[in-house]
Structure formats: structure tokens, C-alpha cells
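A.B. asks: okay, structure incoming, though there's no sequence with it:
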């Protein structure tokens, strides 16, 4: 981890531990430079990172302020970084319904920028948070980027595997969402009734190189899915 | 508008006009400096702005690439900037159901950081896109920040009024969303049936000073609400 990232995480932890509220003024840039004994550019990079993550906002000439407002039970739609307790709050488990190597259809092929005949891992999982059904997730990973995947990995965290074992530098994502009535097959998996409200989410996640490595469609259980989004460039 | 913003908008327009696809390589930083005849720091600022807006991604040592993937009929959840055609595509109209000055309840008071007895404008609007009902929006604006509001403004664009007439520097937003079955009163307004799927969105929008100036709850019609979100710091 880079020095600026360590500092960013440290400040995040401090805000969390002290339970600082929205609008609380933090130390000045100079004070932070002294405290961490680093250059101005390192602190600036740490603060810009925190601003992007929605943890602080900076007001020129006036200071650095706490931004993040958590709300219990809401999960960030955009990132799984953030406050440790965001994750601690939920005990996420995954039941693997399917895992196979396939040649995908045109929609998946186009979203993952694949050539004819290029294979993907198809993984279907039922995800639970604190033993309540959260969603059904159908994911596609190009085999050329993810050469190996198994049930054990998919039961734990594919995200951890990609970042830690395969050293993926995950950079950005396009997310599409709409709501509709639940289909019969999805209703059965989610233990709901057809016609119940459903949130459908489609996402493409990219490496820093711009290569898409994950195309997923997710159907959320309407009673156990609350999200927050922080817009930083409104 | 600052020079870097003009350049950012110009590049956005170029990508749009040329219908450049995701992954297309743009001119180098040096070439852009020459083309616009500005300093490196101005171009860097323009490119950082475009990266934040999800229009491009930058890959160190390799270049600047087109990012934005539009999908017809999907509206950005996070911003109303962006491609002109994003807005042109939809003819948004607003029917004002209520507009009054009130002392708000504790929930609104807390979200807007109000003191006892501080008044807000309460505005309830039925919003349509291309004559189809899009949502019901209930918004609260502190009178101390928005001293004047009328039906004419609310029928047009409150956002334009705040930025153009009141010179608001709108900076960031916290958005909470969940899905549920539609209530009887909301169903009536949306011309739907109680129990139909509904997307409920709650948002607090802030000035660059960190002051919240808009607290809104929005109920979306499930057939006419499709959103995309671009995560830039996944």
C-alpha cells in the first residue's frame, strides 16, 4: 500500500473511532503534514483520495471537514472500501448455485469486449447477509483474465481473490439499475412471490487498463436491500 | 466558466459528436496543450474533471481513453451534467402539487441541520418525462438559504434557479435508496396500483460550504425509471 493510502485509511479510521459527525473540522493540511511527517504532495494525495471516497470535503481557505454520513442498514452502492464497520455489520455468505466455463451470448460478449469463441467463467450465487437472502448474482469473468476459479473461491470472496491472488488493479465500474416485478424463477430463489418488487442491477467492472473483467446481473430481495450513494461531483 | 471547464465540456462534446466508443484513445496531454494553447496544469485539471465525471479514464504512460458508455433511456443517478443529449432526450415537465412555507418535522430538521423554528419551503411535484409520469418529488429548502420560491420557478427548474439566480455552488449529495411496494396514496398519484414495485430515493444536497440546502424524497414510477451510475473509485 502506498504511503498516501495508509494515511487515508488512518484518517478514515480516526473519524470512525471518534464518531465524528458531518461538518466536523479536521486538522489543517500543515498539522497533518507534521503529524504524519510527510510532504505536502503526499497529504494532498491522501486528502484527494478521501474526498473521492466521500469521507471528507475540502473547502478552500476554510479547512477539511468530515463528510460521511452513515445510515444503519444501508450498503454503499459504489464501493466496498470505506469504514470497516460497513462490512463488519454484515456477515456475507454465498451459496454457489452454478460454476462453469462457457462461451457466452452476444450481450455478455459485447459487455466484456470478447472476441468470437473466447470463454468465460459463469458463476451464479445466492448471497445472504446475516442469514437473510440479499440477492441472486450471475457473474461472467473472461478466462483470459481469470484463468482459474473454483467453488471454494466463489463461496468466499471473488473480489478478494482477484485483488490479492491475481493482483488485479480494479479501477471503475458502470452500473445500470431498474426496478420491475419479480419473475417466477427469481421469486423462487429469493423465497418471494412473483410480482413482488425487485431491484435489477447490471454492472461492468474494469481494470485500470480499461479492460472489463466482470459482467454481473444482480436481482435484489426488496426487503433486504438498502443502498446509499455519495455523489462527489454533483 | 473557468478555462479548464470550457475545455472539459469541449472534449465531452467532441467525444459525443464523433460517437467515440469506450476504450478509444484520445490525443495525448501534449497534443491537447497545443490544441487549446494552455498550460499543462489547465489540461490536467480539465482531464481530472472528465475522469471524475466518468467521461474518460487515464492510464499512466499509456494515454487517455474514452470511458462513457451511454445506454438509451437510462438517466444518470449522480449528476445532471454530462452529455447534452442526456437531457435533450427527455422533455422534463413538473406539475406543482403543493408549495408552502412550513416549520418541518424532526427528520427534515436533522437532515437540513436546522435550528428550532427555522422554516423551509415545502414543494411537492409530479414530474413527467416525455409526458410519462416519472416520479413524485417532495423537497424541502431552508428559507435562510432559499429566501424566495414560487410556483413558476418550481414548474421550470429549481436547480437552474439556485445555480443561476441565487449563484449556489452545489457540491455533493448523499443519496439513499430502497425498493418497496407502492403505498395507496403514491399509487394514485403515479396512476399505478398499490403493491406495484416502487423505488424510493432520499437525497440531501450540499453547497461547497457543506451546508445542506435540499432534502428530498422521491418515489419513482417503476416502468419509467432506469438509472446508470458510474463508479470512478471502485
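C.D. replies: Arrived safely. Small disclaimer: the values here were computed from a predicted structure and weren't measured. Numbering: from 1, shown residues only, chains lettered A, B, ... in the order given.

A.B. asks: report the contact partners of residue A:208.
C.D. replies: A:169-171, B:57, B:59 (Cβ atoms under 8 Å, 6 or more residues apart in numbering or on different chains). Yep, even glycine has a C-beta here, placed from its N, CA and C like the rest.

A.B. asks: er, residue A:226 actually
C.D. replies: Counting by Cβ under 8 Å, 6+ apart, residue A:226 has contacts A:73-75, B:176-178.

A.B. asks: in which helix or strand does residue A:72 reside?
C.D. replies: Here residue A:72 is covered by no helix or strand, with elements defined by DSSP states H and E.

A.B. asks: again, but for residue A:41
C.D. replies: Using DSSP H and E, residue A:41 falls in helix A:40-52.

A.B. asks: got the buried residues for stretch A:225-234?
C.D. replies: Across stretch A:225-234, burial judged by 16 or more other Cβ atoms under 10 Å in any protein chain shown covers A:225-234.

A.B. asks: list the contacts for residue A:28?
C.D. replies: A:63-64 are the contacts of residue A:28 under Cβ under 8 Å, 6+ apart.

A.B. asks: was I right to think residue A:161 contacts residue A:152?
C.D. replies: No. Judged on Cβ atoms under 8 Å, residue A:161 makes no contact with residue A:152 at a distance of 9.6 Å.

A.B. asks: the spatially closest residue to residue A:120 that is not a sequence neighbour: neighbour count?
C.D. replies: Using Cβ to Cβ, 6 or more residues apart in numbering or on different chains and skipping residues adjacent in sequence, the residue nearest residue A:120 is residue A:140, 4.5 Å away. Residue A:140: 25 surrounding residues under other Cβ atoms under 10 Å in any protein chain shown.

A.B. asks: what helix or strand does residue A:140 sit in?
C.D. replies: Counting by DSSP H and E, residue A:140 is part of strand A:132-142.

A.B. asks: how far off centre is that strand?
C.D. replies: Distance of strand A:132-142 from the chain centroid (Cα atoms, centre = their mean, to the nearest Å) equals 13 Å.

A.B. asks: who are the contact partners of the residue in chain A that chain B sits nearest to?
C.D. replies: Proximity of chain A to chain B (Cβ to the nearest Cβ) peaks at residue A:197, 3.4 Å away. Going by Cβ under 8 Å, 6+ apart, residue A:197 touches A:179, A:181-182, A:222, B:179-181, B:196-198, B:222.

A.B. asks: again, 6 Å this time
C.D. replies: A:222, B:179, B:181, B:197 (Cβ atoms under 6 Å, 6 or more residues apart in numbering or on different chains).

A.B. asks: got a pLDDT number for the first one?
C.D. replies: Translated: residue A:222. Predicted confidence (pLDDT) for residue A:222: 92.

A.B. asks: immediately after the lowest-mean-pLDDT helix or strand in chain A, which helix or strand?
C.D. replies: Among the secondary structure pieces of chain A, namely its helices and strands, helix A:84-88 has the lowest mean (mean pLDDT, DSSP states H and E), a mean of 44. Later in the chain than helix A:84-88, the nearest helix or strand by DSSP H and E is strand A:92-102.

A.B. asks: now that following strand: buried residues?
C.D. replies: Across strand A:92-102, burial judged by 16+ other Cβ under 10 Å covers A:94, A:99.

A.B. asks: after that strand comes which helix or strand?
C.D. replies: Counting by DSSP H and E, what follows strand A:92-102 is helix A:106-111.

A.B. asks: got a list of contacts for that following helix?
C.D. replies: A:140, A:204, A:215.

A.B. asks: would JSON lines of those with distance to residue B:106 and pLDDT be doable?
C.D. replies: Compiled in JSON lines, these are given as follows (distance: Cβ to Cβ, whole Å; pLDDT from 0 to 100):
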{"residue": "A:140", "distance to residue B:106": "47", "pLDDT": "98"}
{"residue": "A:204", "distance to residue B:106": "41", "pLDDT": "92"}
{"residue": "A:215", "distance to residue B:106": "44", "pLDDT": "96"}
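
A.B. asks: surely residue A:98 and residue A:126 touch.
C.D. replies: No. Taking contacts as Cβ atoms under 6 Å, residue A:98 lies outside contact range of residue A:126: 10.4 Å.

A.B. asks: so where's chain A uncertain?
C.D. replies: Within chain A, the segments meeting pLDDT under 70 span A:68-70, A:79-90, A:233-234.

A.B. asks: at the contact with chain B, which residues of it appear?
C.D. replies: A:23, A:52, A:65, A:69, A:74, A:78, A:170, A:172-179, A:181, A:197, A:199, A:210, A:222, A:226-234 (Cβ under 6 Å from any Cβ of the partner chain).

A.B. asks: the longest helix along chain A packs against which elements?
C.D. replies: Ranked by residue count, the top helix of chain A under DSSP state H comes out as helix A:3-17. Secondary-structure packing of helix A:3-17 (3 or more Cβ pairs under 6 Å, 6 or more residues apart in numbering or on different chains; DSSP states H and E): helix A:40-52.
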